[in-house]
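**Student:** take this sequence and fold it.
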Amino acid sequence: MTFFSEAQGWLSPKIQFRLLPKKELQTGQSLDWASTGYDPTFHLKHRGAAPKGWYMVSLRITASVPRVTAKLYADYGEGIDEKQALQFSVKSGTLFKRVCLFQDRPVRLRLDPCQQPCEFTVEHLAFTKLTERRARALMQKKLQGRRNLGALSSLDSSPLLEQYNQCFDHNLSAITYAQWMSQVEAPTLDSSSLEAIYRKLANKPLISVLLTTYNTEPELLRQCIESVQGQRYPHWQLCIADDASSHEPVRELLREFAETDKRIRLVLREKNGHISQASNSALELVNGEFVALLDHDDLLAPHALLMMVKAINDAPEAQFFYSDEDKIDEHNQRSEPHFKSSWNRDLFYSHNYITHLAVIQTELVRRIGGFRAGVEGSQDYDLFLRAIGHLGNRQIVHVPHVLYHWRAINGSTALSASQKGYTSKAGLKALRDYFNSTNLEIEVTPHRLNNCYQVRWPLAEPSPLVSLIIPTRDGYELLKQCISSIRNKTRYSAFEILVINNQSQCPKTLAYFRELEQTGQARVVDFDDEFNFSAINNLGVAHARGQIVGLINNDIEVINPDWLDEMVRHASRPDVGCVGAKLFYPDGRIQHAGVVLGIGGVAGHAHKYFAGHHNGYHSRLSLVQNYSAVTAAALLVRKSVYLEVGGLEPLLKVAFNDVDFCLKVREAGYRNVWTPFAELYHHESVSRGFEDTPEKQARFSNEIRWMEKRWGEVLKSDPCYNPNLSLTHEDFSYNTEPALTPSP
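**Tutor:** Coordinates of the predicted model:
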C-alpha cells in the first residue's frame with residue numbers, strides 16, 4: 001500500500017513511501033491486513049531520509065476491534081528505542097493526530113499498527129511539517145485545562161513536548177485484549193474461587209455437550225475434546241455424532257476417546273446427513289438436564305460449564321443460557337472477544353449475536369423438535385429462534401464471561417462471515433420461517449453485512465398520524481432547515497409539525513412562525529417560561545393530535561427519506577416503547593447510536609465520534625437493537641405510552657430527561673429500540689451552547705444527583721451493554737478494572 005506525505009520541505013515536495021510488512025502480518029479476509037500476533041511490524045519505505053524537525057502525524061486505522069494501540073518508531077542509526085515510541089490509541093475508523101519531533105534525520109521509520117491479533121486497514125498515514133511556533137501552539141492547546149496556561153507559555157519546547165507526550169502515554173484508555181486477559185480476567189479465575197463456587201452449588205445437573213464431527217483436522221479435534229475433559233465442573237457427558245467422516249484417523253481418534261472415557265458417548269453415522277441430522281443423532285445420546293453446543297474445532301474455557309451451572313442455580317426459572325466468547329487461532333492465541341448484551345430481542349432478530357456458548361434445557365430442545373433440516377449453516381440460529389418462542393424474557397440469561405473460544409482458521413466463519421456464504425441464506429430462511437409462524441405480515445430482507453438481516457415491521461392502514469414536536473427559541477436558520485428537510489425529504493406523509501415557541505424574539509423567527517401557520521406547514525404553540533426541555537415537550541404532547549409523538553430537536557436535518565417510516569413501524573409495535581435514530585454530526589461522524597447507562601456516571605452515547613461508515617462493535621452500529629435509552633433529539637413513542645409513564649420529568653430541565661423517560665418506559669414493560677435505518681444530522685450544541693457557566697454547571701450537577709437518587713443501581717448495570725466494557729469511554733473498549741469477580 002502506498003501513501004504520500006503531506007510534508008513540505010522534505011527532499012521532494014511529496015515523498016512517496018510504502019508499508020512493507022516485516023513481521024506477524026498477512027493478507028486479511030475482510031480488511032487489508034491480518035495481524036497474526038502481538039507485535040506486527042511495518043517498515044515505512046521512502047526515498048531519502050525525512051528531515052529533522054516538528055511534524056503532525058495523522059493516522060486512521062479501521063480494524064475488526066473497536067480500538068488499536070499503534071506505535072511509531074524513528075531509527076536514527078542506532079536501532080529502535082522502545083522508550084522513544086510514539087503511541088496512538090486509535091479508535092477504529094477515526095483520524096488520530098499527534099505532534100512529534102524528529103531530533104535528527106531518521107534513517108528508518110517503523111509502524112506497529114496494533115498489539116493484538118485482528119484484521120485492519122491503514123486508511124491514512126501522513127506527516128505534515130510544522131514550524132516550531134505552530135507545534136508549540138498545538139501542544140499548548142492540547143494541554144489547556146490540564147495545566148496552567150501561563151506556566152505552559154514559559155516552558156521551553158523540550159519540557160513542553162514532555163508534558164504533551166504524557167497526555168497520550170498516561171491517558172491511553174485502551175488496553176489490548178492480551179492485557180485484559182492477564183490484568184482483568186486471570187485474577188478472577190484462581191482455583192480457590194472456582195472451588196468455592198462449585199461447593200456452593202445446590203443443584204448440580206448433568207450437562208450434555210453436543211458435538212458433531214466430519215473430517216475434522218485430528219489435532220484440533222483432540223484439543224476440542226480435551227477442553228471438555230478439562231472442565232472444572234465434573235458432571236458432564238460428551239455426546240458425539242460423526243457424520244460419516246471419510247478420513248479414517250478422525251474415527252480412530254473418536255473411538256480412542258470413547259473407549260477410555262465413559263463420559264463420552266459416540267455414534268458413528270453410516271451415511272452423511274449434514275449437520276442438522278448429525279446434531280439430532282448426538283441429541284439422541286443425551287441424558288443430561290441441559291445441552292451445551294460445541295463445534296468440532298472450538299474450545300471450551302476450563303470454567304465454562306461451572307459458570308453456566310452457577311447461572312442455572314442463580315436463575316432456576318431460566319431455560320436458555322449464553323456466554324461471551326472470543327476467537328482462537330491455530331496457535332491457540334486468543335483475540336477479538338465478543339462481550340455481549342443481555343437478552344436483546346431486536347439485536348437477535350438482526351443477527352445471531354448469541355452464537356457460543358449456548359446451554360439450553362434438554363426438554364425444551366426435544367419439545368421443539370431438535371435441529372431442523374433445510375437450514376444447515378444456521379441450524380443453531382434456527383434452533384434458538386424456535387426456542388425463544390416458548391420462553392419469557394427472564395428465562396433467557398446472559399453469562400458475562402468468556403467461556404468459549406471460536407476457532408478462526410481458513411474456511412471458518414470465525415475468521416470471516418464471507419467464508420461460508422450459504423450461512424446467510426440459511427439464516428434468512430430461519431428468520432422468515434420464524435416470523436411466518438407468528439401470522440404477522442413481517443418482511444425480512446438480507447442486510448449488506450453477511451449473516452445479518454433487516455426486519456420490516458407492518459404498518460397499520462391508514463398510516464398512523466405522527467405529531468413531530470420541535471421546541472425552539474429563535475434559531476431561525478436551524479429551525480427552517482429542520483422543517484424544510486422534514487417536509488421535503490420525508491417519504492412518510494401522515495405527520496403534523498408542532499413548533500413550541502419558547503420566548504422567541506428574533507423578528508425573522510416570529511415572521512417564520514406566521515408563515516408556518518398561514519401555509520399550514522406547522523402549528524405554533526407558545527411556552528412563555530424559562531427553558532425547560534421536559535415541560536416544553538409535555539406541552540407539545542398535550543397539543544398533539546397524533547397516535548405517535550416525535551420529539552425532534554430544532555437542529556435536526558433529515559438524511560434518508562425513509563427515516564420516519566422506519567421509526568413509525570417500530571413505534572407501532574405493541575411491545576416497543578421509545579424508538580431512536582442514528583444521528584450524525586455535520587462532518588459525518590456518529591453523534592448518537594443508542595445510550596449506554598453508567599458511562600461517565602449516568603449515561604453516554606454508544607459509538608460517539610465513530611466514522612459514519614463504520615459498522616461498530618460487532619456490527620452494532622449497523623443493526624436494529626434494543627438499548628436502555630435513546631436521545632430525545634429524535635425520539636418516537638406512542639402518545640399513550642408517553643402519557644402512561646407521566647411524560648418527561650420537569651425537574652430535569654435540560655440533561656438526562658430523555659434517559660429518565662426511557663427508563664420509565666422500560667420499567668413499564670416496553671422495550672426501547674434503536675434503528676440505524678433512520679438517519680439524521682444533529683447540529684448538536686448549536687442551539688443551546690455548552691455547559692460553560694457556573695449556573696449551568698450547578699444545574700447539571702443537580703441533575704446528575706437527581707438521576708443517581710432516582711435510578712441508583714440501575715445506572716451501574718446496563719443490560720444492553722456488558723460489564724467487561726468501559727464505563728469511561730463510549731467506544732466499547734475494555735473495562736480496565738475487574739467488573740465481575742466470580743463469587744459463590
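**Student:** so where do the helices sit in the stretch 451-600 of the chain?
**Tutor:** Here the stretch 451-600 of the chain has its helices, by DSSP state H, counting those that start in this stretch, at 476-489, 507-519, 533-543, 563-571.
**Student:** average pLDDT for the longest helix anywhere in the chain?
**Tutor:** In the chain, assigned by DSSP state H, the helix with the most residues is helix 694-711. Over the span of helix 694-711, the pLDDT mean works out to 84.
**Student:** which elements pack onto that helix?
**Tutor:** helix 657-667 (3 or more CB pairs under 8 Å, 6 or more residues apart in numbering; DSSP states H and E). C-beta here means a position set from N, CA and C on the backbone, and glycine is covered the same way.
**Student:** in the helix or strand just after the helix it packs on, what's buried?
**Tutor:** Remark: after helix 657-667, the chain's next helix or strand is strand 671-682, criterion DSSP states H and E. For strand 671-682, the neighbour count (16 or more other CB atoms under 10 Å) marks R671, N672, V673, W674, T675, P676, F677, A678, E679, L680, Y681, H682 as buried.
**Student:** can you tell me which of these is nearest G546?
**Tutor:** Closest approach to G546 among those (CB to CB): A678, at 17.0 Å.
**Student:** what's the helix or strand for I61?
**Tutor:** Secondary structure (DSSP H and E) places I61 in strand 53-63.
**Student:** would you give the sheet partners of that strand, along with the direction of each?
**Tutor:** Paired neighbours of strand 53-63 in the sheet (DSSP bridges): strand 96-102 (antiparallel), strand 118-130 (antiparallel).
**Student:** just the ones you listed: most buried one?
**Tutor:** strand 118-130 (a mean of 20; mean count of other CB atoms under 10 Å).
**Student:** and that one, C-alpha only, in PDB?
**Tutor:** Extracted in PDB, the C-alpha atoms of strand 118-130 (Å, rounded to 0.1, in the frame of the first residue of the first chain):
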ATOM      1  CA  CYS A 118      -7.000  -8.700  14.400                       C
ATOM      2  CA  GLU A 119      -7.800  -7.500  10.900                       C
ATOM      3  CA  PHE A 120      -7.200  -3.900   9.900                       C
ATOM      4  CA  THR A 121      -6.700  -1.400   7.100                       C
ATOM      5  CA  VAL A 122      -4.400   1.600   7.400                       C
ATOM      6  CA  GLU A 123      -6.600   4.100   5.600                       C
ATOM      7  CA  HIS A 124      -4.500   7.200   6.200                       C
ATOM      8  CA  LEU A 125      -0.900   8.000   7.300                       C
ATOM      9  CA  ALA A 126       0.600  11.400   6.800                       C
ATOM     10  CA  PHE A 127       3.400  13.500   8.100                       C
ATOM     11  CA  THR A 128       2.800  17.300   7.900                       C
ATOM     12  CA  LYS A 129       5.800  19.600   8.500                       C
ATOM     13  CA  LEU A 130       5.300  22.200  11.300                       C
END
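**Student:** how far off centre is that strand?
**Tutor:** Averaging C-alpha coordinates over strand 118-130 and over its chain gives two centres that are 24 Å apart (CA atoms, centre = their mean, to the nearest Å).
**Student:** helix or strand next in line after that strand, which one?
**Tutor:** Counting by DSSP H and E, the element after strand 118-130 in chain order, helix or strand, is helix 132-143.
**Student:** so for that following helix, mean pLDDT?
**Tutor:** Helix 132-143 comes out at a mean pLDDT of 83.
**Student:** same deal with stretch 466-479?
**Tutor:** Per-region confidence: stretch 466-479 scores 96 on mean pLDDT.
**Student:** residue contacts, E644?
**Tutor:** Contacts for E644 (CB atoms under 8 Å, 6 or more residues apart in numbering) come out as A668.
**Student:** that one and A629: what is the separation?
**Tutor:** In this view, E644 and A629 are 17 Å apart by CB to CB, to the nearest Å.
**Student:** try G475
**Tutor:** Where A629 is concerned, G475 sits at a distance of 26 Å (CB to CB).
**Student:** more neighbours: the two, which one.
**Tutor:** A count of neighbours by other CB atoms under 10 Å puts A629 above the other of G475 and A629, at 27 against 19.
**Student:** can you list the domain ranges for this protein.
**Tutor:** Domain ranges of the chain: 2-130, 192-416, 466-716, per automatic domain parsing.
**Student:** which one of those lies nearest to T736?
**Tutor:** Per CB to CB, nearest to T736 of those: domain 2-130, 12.4 Å.
**Student:** quick check: which of the strands paired with strand 53-63 is nearest to R666?
**Tutor:** Using CB to CB, the nearest of these to R666 is strand 118-130, at 34.2 Å.
**Student:** low-confidence ranges in the chain?
**Tutor:** 1-17, 46-50, 82-83, 144-158, 166-174, 410-420, 684-694, 697, 738-744 (pLDDT under 70).
**Student:** tell me the residue furthest from the middle of it?
**Tutor:** Q518 (46.0 Å; CA atoms, centre = their mean).
**Student:** what is the burial count for S192?
**Tutor:** 7.
**Student:** from T445, how far off is L268?
**Tutor:** Distance from L268 to T445, by CB to CB: 41 Å.
**Student:** what of P462?
**Tutor:** Distance from P462 to T445, counting by CB to CB: 24 Å.
**Student:** try L130
**Tutor:** Taking CB to CB, one finds L130 at 50 Å from T445.
**Student:** equivalent analysis for H405, please.
**Tutor:** Distance from H405 to T445, by CB to CB: 33 Å.
**Student:** the more surrounded of these two?
**Tutor:** Ranked by neighbour count (other CB under 10 Å), H405 and T445 place H405 first, with 26 against 10.
**Student:** before we move on, the earlier item: out of the buried residues of strand 671-682, who's nearest V291?
**Tutor:** Nearest member of the buried residues of strand 671-682 to V291, counting by CB to CB, is R671, at 28.3 Å.
**Student:** which residues in the stretch 201-350 of the chain form strands?
**Tutor:** For the stretch 201-350 of the chain, the strands defined by DSSP state E, counting those that start in this stretch cover 207-213, 236-242, 264-268, 290-294, 299-300, 320-328, 334-338.
**Student:** now mean neighbour count too, for these, in JSON lines please.
**Tutor:** JSON lines is the format used below for those (neighbours: other CB atoms under 10 Å):
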{"stretch": "strand 207-213", "mean neighbour count": "26"}
{"stretch": "strand 236-242", "mean neighbour count": "24"}
{"stretch": "strand 264-268", "mean neighbour count": "19"}
{"stretch": "strand 290-294", "mean neighbour count": "25"}
{"stretch": "strand 299-300", "mean neighbour count": "24"}
{"stretch": "strand 320-328", "mean neighbour count": "24"}
{"stretch": "strand 334-338", "mean neighbour count": "21"}
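**Student:** so which of the ones you listed gets nearest S424?
**Tutor:** With CB to CB as the measure, strand 334-338 is the member of those nearest S424 (18.3 Å).
**Student:** can I get the closest one as PDB, trimmed to CA atoms?
**Tutor:** Provided in PDB are the C-alpha atoms of strand 334-338 (Å, rounded to 0.1, in the frame of the first residue of the first chain):
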ATOM      1  CA  ARG A 334      -7.000 -15.600  21.700                       C
ATOM      2  CA  SER A 335      -8.300 -12.400  20.100                       C
ATOM      3  CA  GLU A 336     -11.500 -10.400  19.200                       C
ATOM      4  CA  PRO A 337     -13.700 -11.000  22.300                       C
ATOM      5  CA  HIS A 338     -17.400 -10.500  21.900                       C
END
